[in-house]
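Student: the following comprises the amino acid sequence and a computationally predicted model.
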Amino acid sequence: MEGHQLSWPLRALVFVLMLFLLAPALLVFPISFSGDRLLSFPPSSWSFRWYQSLWQNELIISSFLTSLSLAVVVTMLSLAIAIPAVYAIIRLKTPGSEFLYNLFTAPLLLPTIVLGLAILIIFATIGLLGTFHGIVLAHLVVTLPYALRVLAVALGNVNLACEEAAASLGAGPLTVVRRVTLPMMMPGIIAATALCFLVSFDELVITLFLTGPKLTTLPVELFRYVETSADPMVACVSVLLFFFTLAIIMIIDRAMGLTQTFVR
Amino acid sequence: MSAAAIPDKPATSGLGGQTGLALLFPIVLVNVIGFIIPMLNLARMSFNEYVPGGGIREAFILGNWIKAIADPFNLQLIANSITLSLGVTLATLIVSYPIALYIHWSSGRWRSLLIFLVIAPLLTSAVVRTYGWIALLSNDGPIIRSIKALGVENPPRLLFNTTGVMIGLTEILMPYMILALLAGFGRLDPRFEEAARSLGATPAQTFRRIILPLTLPGIALGWLLCFVLAISSFVTPKLMGGGRVFLLATEIYDQAIVTLNWPVAATLSILVLILFGLSLAVYTRLLKRLD
């Protein structure tokens, strides 16, 4: 750091630019306690009325529950599908699996608006539009690339010698996977769980193409709400979601710290 | 179970190929139904014919494609999308560069805190951040009110027009730009700057001759990433454009959901992918020249 006098004009400039970056996200906290009828900043009066009206908004509550169950199902399926796949790619080195790995991580690079439209057209013809399992399938396409990448790194880090030692002591392949490989992959599995959950829970654009009148998710409902009305309620949802996301990340961090002390 | 497992050999040879295929089957199934068939079908759909009010007729016509690149409205769409994305990318670069440079120069806990603050907005959804901008930029929001307090009679509208979309998108893309810049700043060594300064270069000269050239790889990476994200962005233009800003992404959505003209929506989607490919080609060219 010597020789770097971070001059105060640069510091001031960076401060202003950081403010620009963080302002809209920070703004929802004061707005959520607004007592006004319409969205305004700064609010002219303060209250909890929008938090109260949130509890009475059945659409928001039910879409939250839909998003939650969707994210749970998608996360479990992502792990159940991705763990065997990375085992085939990294350990068994099945012919062609490297090509498949590259192909199946490609959806990450595609614009979601294009992928959403493509899935909409197919789902419309096979009757998956507006169905829970249809949205699960679409979410899997975008969560699996994350799961594949994280789990491939995790499995790559597992020492092959441990598996060979277990096998030479008479453990069958399944036992080796269950008792040695999977426990040693645990930090990666937990990270993949968190990523898949958050990606599915937050997914908006693709889901927007697939929701029906009876089934919507929280991001879709929030999007429609912001599009049609301008009141402080969305701010309340945002604040609650912020703490929800923070809690998940902290639980994961705690769990990962714990497993890491066990594994190493 | 253990009794049954004893005769097994380690499953790396012989049966390995079949086991591997079985293990890969679920992911192949999901991606074939949810990714490969839809994308191939999308390309096919762009050659079908849209019958107004009557759905889609299987055909093999070039009409959608000719219309997509010859119709004045669509040409305007493409031009709007490209110019807006270029403008947003430039603005994002200008506001992100000082932050990235500052983070690159700082160290320890301060650096970790700054990086956390840069990533934190990514944890809130684009809808929420756009909502925050709507509160800030609306006609009775704090910014317009301050401008009015300074005595400006008719302040410019900052929301529900291109200006609003540009402000919102710039902020939305900043974390990506900062992270890309940081990733590309590896070659920037403080010793070079010290050397330049000790040889008598002014700060401006040091920046132009040393810092800027060394950070060009980062700039190129950030430029590619943000341009690609900007041209396919949908949420912010839709919410902050107020239905008055027409871009490729919003038009794809409207054609698909409102008009139900899937052939045209498909054509415009493939067009976006072509623009993606072109940006990538320009980037790799540029990178080669930088080396």
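Tutor: It's in.

Student: what strand or helix carries A:Val73?
Tutor: A:Val73 belongs to helix A:58-86 when assigned by DSSP states H and E.

Student: with B:Ile172 instead?
Tutor: Using DSSP H and E, B:Ile172 maps to helix B:162-184.

Student: what's in contact with whichever helix or strand comes after that helix?
Tutor: Next in sequence after helix B:162-184, counting helices and strands by DSSP H and E, comes helix B:190-198. With contact meaning CB atoms under 8 Å, 6 or more residues apart in numbering or on different chains, helix B:190-198 is reached by A:Gly3, A:His4, B:Trp105, B:Pro203, B:Gln205, B:Thr206, B:Arg209, B:Ile210, B:Ile211, B:Leu214. Just so you know, the C-beta spots here come from the backbone N, C-alpha and C atoms, and that holds for glycine as well.

Student: verify the stated contact: B:Ile252 with B:Ala265.
Tutor: Yes: B:Ile252 sits in contact with B:Ala265 when judged by CB atoms under 8 Å, with a separation of 5.1 Å.

Student: please identify every residue contacting each of these two.
Tutor: Common neighbours of B:Ile252 and B:Ala265 (criterion: CB under 8 Å, 6+ apart): A:Leu117.

Student: quick one, which of the two is more surrounded?
Tutor: More crowded of B:Ile252 and B:Ala265, by other CB atoms under 10 Å in any protein chain shown: B:Ala265, with 29 against 26.

Student: and the host helix or strand of the more buried one, what's buried?
Tutor: Here B:Ala265, judged by DSSP H and E, is contained in helix B:262-290. Of the residues in helix B:262-290, B:262-273, B:275-276, B:279, B:283 count as buried by neighbour count, 16 or more other CB atoms under 10 Å in any protein chain shown.

Student: check chain A for its longest helix and report it.
Tutor: Of all the segments of type helix in chain A, defined by DSSP state H, the longest one is helix A:233-263.

Student: any part of it near chain B?
Tutor: Yes: counting by CB under 8 Å from any CB of the partner chain, chain B has neighbours in helix A:233-263: A:Val234, A:Ala235, A:Ser238, A:Leu241, A:Phe242, A:Thr245, A:Leu246, A:Ile249.

Student: pull out the buried positions in that helix.
Tutor: In terms of neighbour count (16+ other CB under 10 Å), helix A:233-263 has its buried residues at A:233-239, A:241-242, A:245, A:248, A:252, A:255-256, A:259.

Student: now swap in stretch A:57-65 and tell me
Tutor: The neighbour-count check on stretch A:57-65 (16+ other CB under 10 Å) flags A:Asn57, A:Ile60, A:Ser63, A:Phe64 as buried.

Student: other residues contacting that stretch?
Tutor: For stretch A:57-65, the external contacting residues (CB under 8 Å, 6+ apart) are A:Leu54, A:Trp55, A:Thr216, A:Thr217, A:Leu218, A:Val220, A:Glu221, A:Tyr225, A:Met233, A:Val237.

Student: any idea whether the most centrally placed residue in chain B is helix, strand or coil?
Tutor: The residue lying closest to the centre of chain B (CA atoms, centre = their mean) is B:Leu229, at 0.9 Å. At B:Leu229 the chain is in helix, as set by DSSP: H, G, I helix; E, B strand; the rest coil.

Student: so who does the residue nearest to it when sequence neighbours are not counted touch?
Tutor: Distance criterion CB to CB, 6 or more residues apart in numbering or on different chains; nearest residue to B:Leu229, sequence neighbours excluded, is B:Leu173 at 5.8 Å. Contacts for B:Leu173 (CB under 8 Å, 6+ apart) come out as B:Val88, B:Thr89, B:Thr92, B:Cys226, B:Leu229, B:Ala230.

Student: how about A:Glu203?
Tutor: A:His139, A:Val142, A:Thr217, A:Pro219.

Student: returning to that earlier point: and the longest helix of chain A with helix A:58-86, angle?
Tutor: When axes from the mean of the first three to the mean of the last three CA atoms, to 10 degrees is applied, the directions of helix A:233-263 and helix A:58-86 differ by 30 degrees.

Student: state the distance from B:Glu96 to B:Phe47.
Tutor: Residue B:96: Ser, not Glu. Distance, B:Ser96 to B:Phe47, using CB to CB, to the nearest Å: 41 Å.

Student: what is the mean pLDDT for stretch B:190-204?
Tutor: For stretch B:190-204, the mean per-residue pLDDT is 81.

Student: could you check how far it is from the centre of its chain?
Tutor: Between the centre of stretch B:190-204 and the centre of its chain there are 35 Å (CA atoms, centre = their mean, to the nearest Å).

Student: would you mark the buried spots in it?
Tutor: Applying 16+ other CB under 10 Å to stretch B:190-204 flags B:Glu193, B:Ala196, B:Ala201 as buried.

Student: element containing the closest residue to chain A within the stretch 51-200 of chain B, please.
Tutor: Among all residues of the stretch 51-200 of chain B, B:Gly132 sits closest to chain A, at 2.8 Å; criterion: CB to the nearest CB. Per DSSP H and E, B:Gly132 falls inside helix B:126-137.

Student: ok, residues contacting that helix?
Tutor: With CB under 8 Å, 6+ apart, helix B:126-137 has contacts from A:23-28, A:31, A:39-41, A:204, A:219, A:222-223, A:226, A:230, A:234-235, A:238, A:241, B:121, B:141-144, B:158-159, B:164, B:167-168, B:171-172, B:235-236, B:239-240.

Student: run a quick neighbour tally on A:Ala166.
Tutor: By the measure other CB under 10 Å, the count of residues near A:Ala166 is 19.

Student: whichever strand or helix holds it near chain B anywhere?
Tutor: Assigned by DSSP H and E, A:Ala166 belongs to helix A:160-168. Yes: using CB under 8 Å from any CB, we find that helix A:160-168 touches chain B at A:Glu164, A:Ala167.

Student: does A:Trp116 touch A:Val220 like I think?
Tutor: Not Trp; residue A:116 is Gly. No: the criterion here is CB under 8 Å, and A:Gly116 misses it with A:Val220 at 11.4 Å.

Student: who has more neighbours, the two?
Tutor: Legend: neighbour count by other CB under 10 Å for A:Gly116 and A:Val220, higher for A:Gly116 (27 against 23).

Student: could I get the average pLDDT for the helix or strand where that one lies?
Tutor: Using DSSP H and E, A:Gly116 falls within helix A:112-126. Average pLDDT, helix A:112-126: 95.

Student: and that helix, what other elements does it pack with?
Tutor: Judged by 3 or more CB pairs under 8 Å, 6 or more residues apart in numbering or on different chains; DSSP states H and E, helix A:112-126 is in contact with helix A:132-157, helix A:205-210, helix B:37-45, helix B:248-253, helix B:262-290.

Student: among the ones you listed, which is nearest A:Ala124?
Tutor: Nearest to A:Ala124, of all the helices and strands packed on helix A:112-126, is helix B:262-290, at 8.6 Å by CB to CB.

Student: what's near enough to touch the residue nearest to B:Phe276 when sequence neighbours are not counted?
Tutor: Spatial nearest neighbour of B:Phe276, chain neighbours left out: B:Val228 (5.8 Å); criterion: CB to CB, 6+ apart. Contact analysis of B:Val228 by CB under 8 Å, 6+ apart lists A:Pro111, B:Phe276, B:Ser279.

Student: same check on A:Pro24?
Tutor: A:Pro24 touches B:Val128, B:Arg129, B:Thr130, B:Tyr131, B:Gly132, B:Trp133, B:Ala135, B:Leu136, B:Glu171, counting by CB under 8 Å, 6+ apart.

Student: same thing but at 7 Å, please
Tutor: When the contact criterion is CB atoms under 7 Å, 6 or more residues apart in numbering or on different chains, the partners of A:Pro24 are B:Arg129, B:Gly132, B:Trp133, B:Leu136, B:Glu171.

Student: quick one: the residue nearest to A:Ile81 when sequence neighbours are not counted from A:Leu144, how far?
Tutor: Closest residue to A:Ile81 apart from its sequence neighbours, by CB to CB, 6+ apart: B:Pro26 at 4.5 Å. B:Pro26 sits 10 Å away from A:Leu144, going by CB to CB.
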